[in-house]
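Visitor: Below: sequence and its predicted model.
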Amino acid sequence: MSRSGSPRPPADSDSPYRGIAGARYGRYVVALAAILLVAFTIHVALNSHKGATSIHPGARIPPFAAPYALGGPPGEVDVATHANDGQAGKVAACSERGPRILNICQLYERGPVVLALFFQAGSCTRVLDELQLLAQSFPQVGFAAVAVKEGASSVARVVRAKHVTVPVGVDGEGRLGELFSMVSCPQITFVYPGGVVQSAALLNTQSLATLRTRVAQLLAASRARGWRPGRT
């Protein structure tokens, strides 16, 4: 009994609510920590190239060969420009091909290419849905995406959930983020047949209508340069 005569409130250890409140608080802390970690990762990734504006139109894109998220071979992205290119790779990226390898050289040898680099954060993975839709409307254009600084298993789950059939590669070390001067998520590059960048990259999430317009412009510009399906 307290001095006022009121019943003494139970000690914290006696309270039936202590465990529930503590568990809820713990979950909030974990969730907040996860959000902060994602925000920090994106901040670091997107600001590691301050002043960069992706690859300039007219420049050739870096060669690379990335393992598919679904069933790709083990290992990191090959960005070697020639054989025995140090840490970039032992085999020239353009020559490293296979049924589960996303080879950018192989794609632009066939025709114009739309390449999206993305993280698994926020609405960024929506670009996979958009590429899937655009691929149906523009069969003469090669569409591909690469997840930067992501694990194959987590990207594979997203690909399966979205029923994506366009090639999706994985860049666990973030090599392409550096080579392509990645400054946004997603970052979409438009490439002429032969590997030259056609126009400024689209940065951040864009409407499907905007993407459709840019793909149509890429296809028209490729034809104006003399490209026809079946030849680069």
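Guide: Arrived safely.

Visitor: per the record, what domains does this protein have?
Guide: 12-47, 65-224 (automatic domain parsing).

Visitor: which intervals of this protein have sub-threshold pLDDT?
Guide: Scanning the chain for pLDDT under 70 picks out 1-53, 231-232.

Visitor: Please identify the deepest-packed of the domains of the chain.
Guide: Sort those by mean neighbour count, taking mean count of other C-beta atoms under 10 Å, and domain 65-224 sits at the top with a mean of 19. Any C-beta I mention is one placed from the backbone N, CA and C, and that applies to glycine too.

Visitor: mind listing the strands for the protein?
Guide: 65-67, 101-103, 113-118, 142-148, 168-171, 187-191, 197-203 (DSSP state E).

Visitor: And the fourth one, what does it pack against?
Guide: Contact here means 3 or more C-beta pairs under 8 Å, 6 or more residues apart in numbering; DSSP states H and E; on that basis strand 142-148 packs against helix 104-110, strand 113-118, helix 126-137, strand 168-171, helix 175-179.

Visitor: In CSV: the ones you listed, plus distance to residue 75.
Guide: Putting the helices and strands packed on strand 142-148 into CSV (distance: least, C-beta to C-beta, whole Å) gives the following:
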stretch, distance to residue 75
helix 104-110, 16
strand 113-118, 19
helix 126-137, 23
strand 168-171, 10
helix 175-179, 12
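
Visitor: mind listing what the residue nearest the centre of the chain touches?
Guide: The structure's the chain has its C-alpha centroid closest to residue 118; by C-alpha atoms, centre = their mean the separation is 2.0 Å. Going by C-beta atoms under 8 Å, 6 or more residues apart in numbering, residue 118 touches 124, 125, 127, 128, 145, 146, 147, 148, 185, 186, 187.

Visitor: Okay then, goodbye and thanks.
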